[in-house]
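Participant: Structure of the sequence below:
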Amino acid sequence: MNKFRKFMYGRYGVDQLTQGLVILSLFLTVLTMFLRVNLLILISYIPFLYAIYRVLSKNINKRLQENAVYLRFIGSLREKFKNIKLATLGTKTHKYYRCSKCGQMIRVPRGKGKISITCPKCRTEFIKRS
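Facilitator: Numbering: from 1, shown residues only. Just a heads-up that it's a prediction; the model follows:
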């Protein structure tokens, strides 16, 4: 175990992007079992080999930047799916509007007629029908 520690000293290691690449590789491998496309198994090796490269890399600053870009991308995807989920699940009791100035999602109760809505983030007022 001590030899492994010495080998990994100064190397980047595992982060969220590396985990995502391994999961993508596993997903493509399982997909290959169902689709029976031999080229897909070769394609599934690419993210896995890149994940190994990232783990063993000594260029830590570059790997941190790549991980930051990945986390921003995943965060924006999660936010979009969260907004879609909120808009579809709460449609019976609430309506959702997006502020035209800052883009903040605003939830208002249904059945109140024309109401003035104030954005909690930028304080912009607009009138909508609930």
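Participant: The top helix by length along the chain - what's its average pLDDT?
Facilitator: Taking DSSP state H as the assignment, the helix of the chain that covers the most residues is helix 60-89. Mean pLDDT, computed over helix 60-89, is 89.
Participant: packing partners for that helix?
Facilitator: Packing partners of helix 60-89 (3 or more CB pairs under 8 Å, 6 or more residues apart in numbering; DSSP states H and E): helix 16-35, strand 94-98, strand 105-109. Heads up, the C-betas are built off the backbone N, CA and C, glycines and all.
Participant: For Gln19, give its distance to Leu42.
Facilitator: 22 Å (CB to CB, to the nearest Å).
Participant: can you pull the alpha-carbon coordinates of stretch 26-46 into PDB?
Facilitator: C-alpha atoms of stretch 26-46 as PDB (Å, rounded to 0.1, in the frame of the first residue of the first chain):
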ATOM      1  CA  LEU A  26     -20.400   1.700 -17.800                       C
ATOM      2  CA  PHE A  27     -23.700   2.900 -19.300                       C
ATOM      3  CA  LEU A  28     -22.300   2.500 -22.900                       C
ATOM      4  CA  THR A  29     -21.000  -1.000 -22.000                       C
ATOM      5  CA  VAL A  30     -24.400  -2.100 -20.800                       C
ATOM      6  CA  LEU A  31     -26.000  -0.500 -23.800                       C
ATOM      7  CA  THR A  32     -23.700  -2.500 -26.000                       C
ATOM      8  CA  MET A  33     -25.100  -5.700 -24.500                       C
ATOM      9  CA  PHE A  34     -28.600  -4.800 -25.600                       C
ATOM     10  CA  LEU A  35     -27.800  -3.300 -29.000                       C
ATOM     11  CA  ARG A  36     -25.100  -5.700 -30.100                       C
ATOM     12  CA  VAL A  37     -23.100  -3.000 -31.800                       C
ATOM     13  CA  ASN A  38     -19.400  -3.800 -31.600                       C
ATOM     14  CA  LEU A  39     -18.300  -0.300 -32.400                       C
ATOM     15  CA  LEU A  40     -20.100   0.900 -29.300                       C
ATOM     16  CA  ILE A  41     -17.900  -1.200 -27.000                       C
ATOM     17  CA  LEU A  42     -14.800   0.600 -28.500                       C
ATOM     18  CA  ILE A  43     -16.500   3.900 -27.900                       C
ATOM     19  CA  SER A  44     -17.200   3.000 -24.300                       C
ATOM     20  CA  TYR A  45     -13.500   2.600 -23.700                       C
ATOM     21  CA  ILE A  46     -12.800   6.300 -24.500                       C
END
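Participant: Fine by me, thanks again.
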